[in-house]
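S.K.: sequence first, then the predicted structure, then my questions.
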Amino acid sequence: MTSQSIAQAVVAAFGETPTFKVGDLVRTGTRFPIGHYRLPMYLRGKSAVIERVIATMGVDNEEEGFGRNAGSKGHYYRIAIPLSQIWADYKGPASDGLRVEVFENWLERI
């Protein structure tokens, strides 16, 4: 068996395949957990575009912060949020945006 056929035979485990891809439209979550969380309040509920899938998977930081991580993994994504989503009276170009890296459990598909 060649290395290529071995790679094709491997089935991805849960969390190994990114949920989103570059160009996907997403919305950031609006939940308000108590304690440890990884998304600033002013960025919650905002529409964004996936600009990059971060190659390295990481553990769920929020669960890890409470010692509850059972090895669950996920991907980080660089998203672009238009500045008009953050500041209602923003007068600059529509293409201006804030780039931030977000763990996938804070993103939902639009």
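M.R.: Structure's in. What do you need?
S.K.: how much space separates Glu101 from His75?
M.R.: Distance, Glu101 to His75, using C-beta to C-beta, to the nearest Å: 10 Å. Every residue, glycine included, has its C-beta placed from N, CA and C.
S.K.: oh, I was asking about Gly67
M.R.: Counting by C-beta to C-beta - Gly67 and His75 are separated by 22 Å.
S.K.: and for Glu101 and His75, which residues touch both?
M.R.: Ile54 (C-beta atoms under 8 Å, 6 or more residues apart in numbering).
S.K.: okay, the two: which has more neighbours?
M.R.: Per other C-beta atoms under 10 Å, whichever of Glu101 and His75 has more neighbours is His75, with 21 against 12.
S.K.: how about the strands in this structure?
M.R.: For the chain, strands defined by DSSP state E occupy the ranges 25-28, 47-53, 58-59, 73-74, 76-82, 97-103, 107-109.
S.K.: can you check what angle separates the fifth one from strand 47-53?
M.R.: Angle between the axes of strand 76-82 and strand 47-53 is 140 degrees (criterion: axes from the mean of the first three to the mean of the last three C-alpha atoms, to 10 degrees).
S.K.: dump strand 76-82 to PDB, keeping only the CA atoms.
M.R.: Once non-C-alpha atoms are left out, strand 76-82 reads as follows in PDB (Å, rounded to 0.1, in the frame of the first residue of the first chain):
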ATOM      1  CA  TYR A  76      -9.700  28.300  15.000                       C
ATOM      2  CA  TYR A  77     -10.700  30.600  12.100                       C
ATOM      3  CA  ARG A  78      -9.600  34.100  11.200                       C
ATOM      4  CA  ILE A  79     -12.800  36.000  10.500                       C
ATOM      5  CA  ALA A  80     -13.400  39.500   9.100                       C
ATOM      6  CA  ILE A  81     -16.100  41.500  10.700                       C
ATOM      7  CA  PRO A  82     -17.100  44.700   8.800                       C
END
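S.K.: give the rounded mean pLDDT of that strand.
M.R.: Strand 76-82 comes out with an average pLDDT of 96.
S.K.: also the first one?
M.R.: For strand 25-28, mean pLDDT is 98.
S.K.: quick one, what contacts Ala48?
M.R.: Leu25, Val26, Arg27, Thr28, Ile79, Ala80, Ile81, Pro82, Gln85, Leu107.
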